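Visitor: Next come a sequence and a model predicted from it.
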Amino acid sequence: MRPLPLVACCVLSVAAAATFPSLALAQTAPAASTAPATAPGEGLVAPIVEPEARQALERMSAYLGTLKTFEIRTQTSLDIVTETGQRVQIDGTAHYKVRKPDGFVIEVVTDLKKRTFFYDGEKFTVFSPEHEFYSTVEAPPTTLKVLDLLWDQYGLALPLEDLFRWNELKSRRPDELTGAFLVGPATIDGVLTNQYAFRQGDVDWSVWIEQGARPLPRKLMIVDRSQPEQPAYVARLTWTLNPTFPADAFTFHAGPKAKSIRMSTLDPTGSTP
């Protein structure tokens, strides 16, 4: 399984590369300093995994596993840098409607592209509302199996699909952490949270977890350290718990002008034809 936090920004980063090939991912450049130069990593303290941070993550995961239906609206941003070295930022939104274990609609809107993803327990559809193209494939009976199918056969990771995987039994996520600690309390959109920072492989990520009886993730920040530019992704989440959805809310209905196209599959080397 691919590392947890990376899939959160996969769709936006792929969109950036596909739409503007001259753009490369990056985070904010550090401020100029007059301190003497040091070798990479020199003077840094080795990260540790604090039990409190790990327990908070496990508590959040367990709580998310109890939700049967939920709706989320997110505000997202992705750092990118042009070939000339100028840093710019792409903002976006996403709207999730989720029914466990076999239904979701995810609507993604950014300055680069618009996509809507449908899954109704039998079929998965990607729809481009601007161009009125859509592609539908047969799908397995659970969301988790759909996510695996999309990645393994089509190289597609849905935005913030980690929301479906936090409580996945097969996940070894807590055992893969090399760093975890409590940053401190923070208020996110009027909600009191605790910020926790984690390190996992080449990824640094933070999650702001709501305090109290509903340990919901209210904000995520992800930095990919495997790339020299260290691309950063941020999402703020607003939750609606236990909504009631119509029976056909997750089924794609093609309009009169919609055109069906084939979804490209991965070849054995891992690229799309």
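Guide: Okay, I see it.
Visitor: can you pull out the strands in this protein?
Guide: Here the chain has its strands, by DSSP state E, at 23-25, 69-82, 87-99, 103-110, 114-119, 123-128, 133-138, 179-188, 191-200, 203-210, 217-224, 232-241, 259-260.
Visitor: and the shortest one, average pLDDT?
Guide: Per-region confidence: strand 259-260 scores 97 on mean pLDDT.
Visitor: Name the residues that touch it?
Guide: Contact with strand 259-260 is made by 132, 133, 134, 135, 136, 254, as judged by C-beta atoms under 8 Å, 6 or more residues apart in numbering. All C-beta atoms are positioned from the backbone trio N, CA, C, and that covers glycine.
Visitor: Buried among those residues? Need that as a selection in PyMOL.
Guide: Applying 16 or more other C-beta atoms under 10 Å to these, the buried members can be selected in PyMOL as follows:
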select buried, resi 134+135+136
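Visitor: can you redo the contacts of strand 259-260 as JSON lines with pLDDT and distance to residue 54?
Guide: Formatted as JSON lines, the contacts of strand 259-260 follow (pLDDT from 0 to 100; distance: C-beta to C-beta, whole Å):
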{"residue": "132", "pLDDT": "96", "distance to residue 54": "47"}
{"residue": "133", "pLDDT": "97", "distance to residue 54": "44"}
{"residue": "134", "pLDDT": "98", "distance to residue 54": "42"}
{"residue": "135", "pLDDT": "97", "distance to residue 54": "40"}
{"residue": "136", "pLDDT": "97", "distance to residue 54": "40"}
{"residue": "254", "pLDDT": "95", "distance to residue 54": "46"}
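Visitor: Residue 63: which of the contacts of strand 259-260 is nearest?
Guide: Checking those against residue 63 by C-beta to C-beta gives residue 136 as the nearest, at 33.3 Å.
Visitor: count of residues packed around the residue lying closest to the closest one once chain neighbours are set aside?
Guide: Nearest non-adjacent residue to residue 136, counting by C-beta to C-beta, 6 or more residues apart in numbering: residue 125, 4.4 Å away. Applying other C-beta atoms under 10 Å, we find 22 residues neighbouring residue 125.
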